[in-house]
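Mind looking at a prediction? Sequence and model below.
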Amino acid sequence: MTHPLRLGIAGLGTVGMGVVKILHEKQALLEGRTGRSIEITAVTARTKDKDRGISLDAYAWEEDPVKLAQRDDIDIFVELIGGHEGSALEATKAAIASGKDVVTANKAMLAHHGHALALQSEANGSVIRFEAAVAGGIPVMKSLTEGLAGNEITRVMGVMNGTCNYILTQMQATGRGYNALFKECAKLGFLEADPNLDVGGIDAGHKLSLLSSVAFGTQVNFEEMELEGIQCIELEDIEQAADMGFRIKLLGVAQMTERGLEQRMSPCLVPQNSPLGQLEGGTNMVVLEGDEVGQIFLRGAGAGQGPTASAVMSDIIEIARGTRLNTFGQSAHTLRKVNSTSSQTPAPYYIRLSLLDRPGALAKIATVLGQAGVSIDRMRQYGHEDKTAPVLIVTHKTVPQSLDQALHEIPETGVIEGTPVALRIENV
Ligand code: HSE
């Protein structure tokens with residue numbers, strides 16, 4: 001009979017307790033699926049004496065996550081502490097050094113240290129699995145490493161921060177502004193301890209960098225990603241984009257080009273009737289494009305106890321079954337170190353500006369756009385009572401450099417008030 005798989009769980013918050021709950025309630029199911037029992041040996045968290053709703057008395061308690069990681073009576077160190085430095089990283093390194101496998105939900109740690117940890121784990125014969133780090137309950141890493149393993153991945157895209165999607169869809173649905181919805185998210189407990197991780201696009205950027213590495217066989221490169229959050233999105237943009245048939249999403253896009261790896265996480269317009277356009281509330285969606293399979297859309301809960309614990313369990317089960325995959329789907333020694341390049345892929349753009357309502361003003365804008373090589377597809381000027389007219393322009397596909405040139409020159413025409421807003425349109 002195969003010996004039980006023994007877990008040490010570090011972090012007993014929402015996700016950690018979700019994992020404990022599944023292990024309490026589904027022993028028979030898990031044993032049936034893996035052929036062995038999965039047991040918790042020891043646990044650690046910041047506070048010991050706290051009612052967590054399930055008794056932890058049967059497990060050894062460690063004060064120090066590093067000590068837990070080094071125990072001889074665990075096979076897998078389950079890291080659910082979070083944070084890209086500090087005890088999560090120290091304990092993960094200690095676990096690998098002592099030959100343990102690691103299951104983690106920690107996208108920040110892997111986005112910053114993933115390559116070094118992958119090299120360390122290969123040298124020590126351990127595995128690191130991180131399904132829960134990307135898009136919560138959606139099995140996106142397994143889709144890439146298993147289901148799509150016979151494809152060359154051409155592009156990965158996704159809405160991977162539920163908080164941002166909640167704010168943007170609520171702005172659209174209720175006509176409330178960004179600040180009011182940010183406060184609501186704080187009240188509802190949707191925000192990370194550092195809210196900038198959510199609204200600044202960093203959390204979603206971490207996830208995209210991990211997806212890119214597996215999709216393109218490259219070393220994780222979060223540092224060079226083009227990153228922009230949703231803080232600058234105004235209600236006007238939401239409403240006027242809708243008027244032109246679009247929704248605004250914090251969208252990640254990664255693709256390999258001849259110039260290098262393009263990775264950007266930024267607010268974009270998507271057609272309102274597309275699967276991404278219809279994504280409501282805190283839900284996530286990941287789009288994977290393979291040369292053989294075409295486009296795959298994966299949609300589901302990106303956070304929360306059940307969904308995230310479900311993803312953690314899938315990694316534990318994978319190890320229990322004896323599957324031992326390299327961290328990023330191939331040996332860390334074969335992952336290419338590529339430069340990230342600023343995006344040069346042409347796309348249509350949405351431009352919003354406040355135009356001084358005087359003769360020839362629009363002609364000046366059209367001239368600047370034309371001289372920069374930007375062609376107008378559609379345009380709308382809205383009724384107004386003051387001296388500026390709200391104007392919306394949707395361009396034909398243009399390279400970002402031409403758009404940047406036009407955006408730089410538009411204020412110099414002297415016919416607009418404020419700064420133009422420009423958002424990329426992704427027709428997916
Ligand atoms: N804060 C994230 C979100 C969940 O709002 O989607 C954890 O990654």
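Thanks, I have it.

What sits closest to the most centrally placed residue in the chain if chain neighbours are left out?
Of all residues in the chain, the one closest to the mean position by Cα atoms, centre = their mean is residue 204, 2.9 Å from it. Spatial nearest neighbour of residue 204, excluding adjacent residues (Cβ to Cβ, 6 or more residues apart in numbering): residue 161 at 4.0 Å. Backbone N, C-alpha and C define where each C-beta goes, glycine included.

so what's that neighbour up against?
Applying Cβ atoms under 8 Å, 6 or more residues apart in numbering to residue 161 gives the contacts 198, 201, 203, 204, 207, 250, 284, 302.

returning to that earlier point: the residue nearest to the centre of the chain belongs to a helix, doesn't it?
Yes - when DSSP: H, G, I helix; E, B strand; the rest coil is applied, residue 204 is found to be in a helix.

which residues sit in contact with it?
Residue 204 touches 158, 159, 160, 161, 164, 250, 252, 265, counting by Cβ under 8 Å, 6+ apart.

Could you give the number of residues near the third one?
Neighbour count of residue 160, defined by other Cβ atoms under 10 Å: 29.

Next one: the closest residue to residue 166 other than its chain neighbours relative to the ligand, how far apart?
Spatially, and ignoring its direct neighbours in sequence, residue 166 is nearest to residue 282 (4.8 Å; Cβ to Cβ, 6+ apart). For residue 282, the distance to the ligand equals 7 Å [Cβ to the nearest ligand atom, to the nearest Å].

Per-residue pLDDT of residue 282, please?
According to the prediction, residue 282 has pLDDT 90.

Give me the neighbour count for it.
Neighbours of residue 282 (other Cβ under 10 Å): 21.

if I read this right, it contacts residue 301, doesn't it?
Yes - if you go by Cβ atoms under 8 Å, residue 282 and residue 301 touch, sitting 7.4 Å apart.

which neighbours do the two share?
By Cβ under 8 Å, 6+ apart, the residues touching both residue 282 and residue 301 are residue 162.

Name all residues that make contact with the spatially closest residue to residue 13 that is not a sequence neighbour.
Once flanking residues are discounted, residue 13 sits nearest to residue 80: 6.9 Å by Cβ to Cβ, 6+ apart. By Cβ under 8 Å, 6+ apart, the contact set of residue 80 is 9, 10, 11, 12, 13, 15, 16, 19, 104, 105, 106, 312.

These into CSV, with extra columns for secondary structure?
Conversion of the contacts of residue 80 to CSV gives the following (three-state DSSP):
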residue, secondary structure
9, strand
10, strand
11, coil
12, coil
13, coil
15, helix
16, helix
19, helix
104, strand
105, coil
106, coil
312, helix
